[in-house]
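# 3D model of this:
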Amino acid sequence: MGNRILSDYGRDRFAYESYDQLFSPTLSARSLPVNNRYVLRMQGVFALMDWLARKMPRELPVGSLWMDCAGPAGERWKPRQHWLREFLKSLIEFPENRLELESYLRAALRIDRDDLIALMWEPPRSIHDERDTYSTATSRD
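Residues are numbered from 1 along each chain as shown. A predicted model of the protein is given here:
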């Protein structure tokens with residue numbers, strides 16, 4: 001450790017007044033903003049993908065749900081992408097599927113009903129908005 005010269009003027013005034021912190025610093029605990037609505041939206045999409053991967057039938061080819069959503073509609077992946085498109089449509093048509101997803105999201109993200117409603121329905125980029133989350137999967141062919 002090199003020599004440090006401190007002054008009681010300027011930016012190093014705090015270090016000058018509490019020089020003992022240089023030798024045994026204590027760091028205050030920081031918390032991540034995990035309950036931030038924008039962070040919850042990102043986590044919600046990943047939880048949705050996890051739920052979809054669990055729901056995907058075993059007889060479909062093994063692959064990556066991420067690539068199913070992000071990659072081009074390749075011949076090998078068409079059955080997976082077709083299933084994904086139809087299953088996402090069923091979330092719109094059948095309330096029991098949507099309720100199962102909502103239950104999964106509440107448990108996975110440990111959020112209350114108000115945060116779940118905001119995540120599912122409130123703009124921007126709500127999970128249940130067909131123009132946002134479903135658009136990638138339903139625009140393939």
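# C-alpha only now, for contacts and for neighbours.
OK.
# What strand or helix carries Leu40?
Following DSSP states H and E, one finds Leu40 within helix 37-55.
# excluding its backbone neighbours, what's nearest Arg80?
Of all residues not flanking Arg80 in the chain, Leu60 sits nearest, at 6.2 Å (Cα to Cα, 6 or more residues apart in numbering).
# so the one you found is in which element?
Going by DSSP H and E, Leu60 is not part of any helix or strand.
# Correct me if wrong: it contacts Pro79.
Yes: between Leu60 and Pro79 a contact is recorded at 6.8 Å, counting by Cα atoms under 8 Å.
# Neighbour count for the two, which is higher?
Each of Leu60 and Pro79 has its neighbours counted (other Cα atoms under 10 Å); Pro79 has more, 16 against 13.
# Need the per-residue pLDDT for the residue nearest to Arg80.
Per-residue pLDDT puts Leu60 at 91.
# and the gap between it and Asp12?
63 Å (Cα to Cα, to the nearest Å).
# Who's the closest spatial neighbour of the most centrally placed residue in the chain, skipping the chain neighbours?
Residue closest to the average C-alpha location in the chain (Cα atoms, centre = their mean): Gln43, at 1.8 Å. Computed as Cα to Cα, 6+ apart, the closest residue to Gln43 that is not its neighbour in sequence is Leu109, at 7.5 Å.
# Please name the residues that touch the one you found.
Contacts for Leu109 (Cα atoms under 8 Å, 6 or more residues apart in numbering) come out as 40, 43-44, 47.
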